[in-house]
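Chemist: What would the 3D arrangement of this be:
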Amino acid sequence: KSDIKRTFSLYATDATTTSDGIFTLSQKGVVNDLGGWITLSNNEVTLEAKQQKNVPFKITVPASAQPGDHAAGIVVEETLPQNPEGVSIVSRIGVRVYLSVSGQEHENLNISNIGFDNMLSAKKINITLSNDGNVSEKIKTDYMVLSLNGFKNFSVNKDRVVFAGKKILLSDELNAALPM
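Modeler: So this is what the prediction gives:
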């Protein structure tokens, strides 16, 4: 809650992931999937000092929607007036929206490439994952590294996902896992 009156714009957009599988939202106006199925009751909200409001929304699933998982987000955006130097500050926060369309679901996660940045030191591993299924796949990566000094287990603690029909590149540093 703010001490001053503020105006926010609201919009829905499709979700995507960064190249390494971290959830993010597409640019404003990218609405080819679930983001385009969301209708907000208001596209702009003005709040007086200390005020809060709920903004209802509706999801209309088209008859042509593919079965499986779909992801989007609702974004609240505030643009502050330009400062004397001509710079505007835009602040955004998003709320994730997930929807599963009924129908036959199938998982199909594929590894299409495994490589190292440097085969001699093997300090960074690169893995390409493709999700040819229609459900999202959460990724937890655990490695077992073998060196002259034996095995060492190494886990990457990142919240990663491969959305249905998408591809990501996992690129993980293995320095901490390599025995000295």
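
Chemist: okay, which residue is most central for this protein?
Modeler: Phe23 (1.4 Å; CA atoms, centre = their mean).

Chemist: Where does that one fall, secondary structure wise?
Modeler: strand 23-25 (DSSP states H and E).

Chemist: ok, the residue nearest to the centre of the chain to Gly94 distance?
Modeler: 10 Å (CB to CB, to the nearest Å). Yep, even glycine has a C-beta here, placed from its N, CA and C like the rest.

Chemist: quick check, Lys152 in a strand?
Modeler: Yes - counting by DSSP: H, G, I helix; E, B strand; the rest coil, Lys152 falls inside a strand.

Chemist: What count of nearby residues applies to the nearest residue to Lys5 once chain neighbours are set aside?
Modeler: Spatial nearest neighbour of Lys5, excluding adjacent residues (CB to CB, 6 or more residues apart in numbering): Glu48 at 5.4 Å. Using other CB atoms under 10 Å, the number of residues around Glu48 comes to 11.

Chemist: burial count for Ile125?
Modeler: 20.

Chemist: cool, and the one 10 residues further on?
Modeler: As a burial measure, the neighbour count of Val135 was computed by other CB under 10 Å and equals 17.

Chemist: Spell out the secondary structure type for Gly35.
Modeler: helix.

Chemist: can you check the one 4 residues further on too?
Modeler: Using three-state DSSP as the criterion, the local structure at Thr39 reads strand.

Chemist: Please apply the same query to Arg160.
Modeler: From three-state DSSP, the assignment for Arg160 is strand.

Chemist: what about the residue nearest to it when sequence neighbours are not counted, how many neighbours?
Modeler: In this structure, Arg160 finds its nearest non-sequential neighbour in Gly21, 3.3 Å apart by CB to CB, 6+ apart. For Gly21, the count of nearby residues is 22 (other CB under 10 Å).

Chemist: I'd say Gly21 and Ser171 touch.
Modeler: No - counting by CB atoms under 8 Å, Gly21 sits too far from Ser171 to count as a contact (10.1 Å).

Chemist: Could you report the separation of the residue lying closest to Phe57 once chain neighbours are set aside from Val31?
Modeler: Excluding its sequence neighbours, the residue lying closest to Phe57 (CB to CB, 6+ apart) is Leu40, at 4.9 Å. Distance, Leu40 to Val31, by CB to CB: 12 Å.
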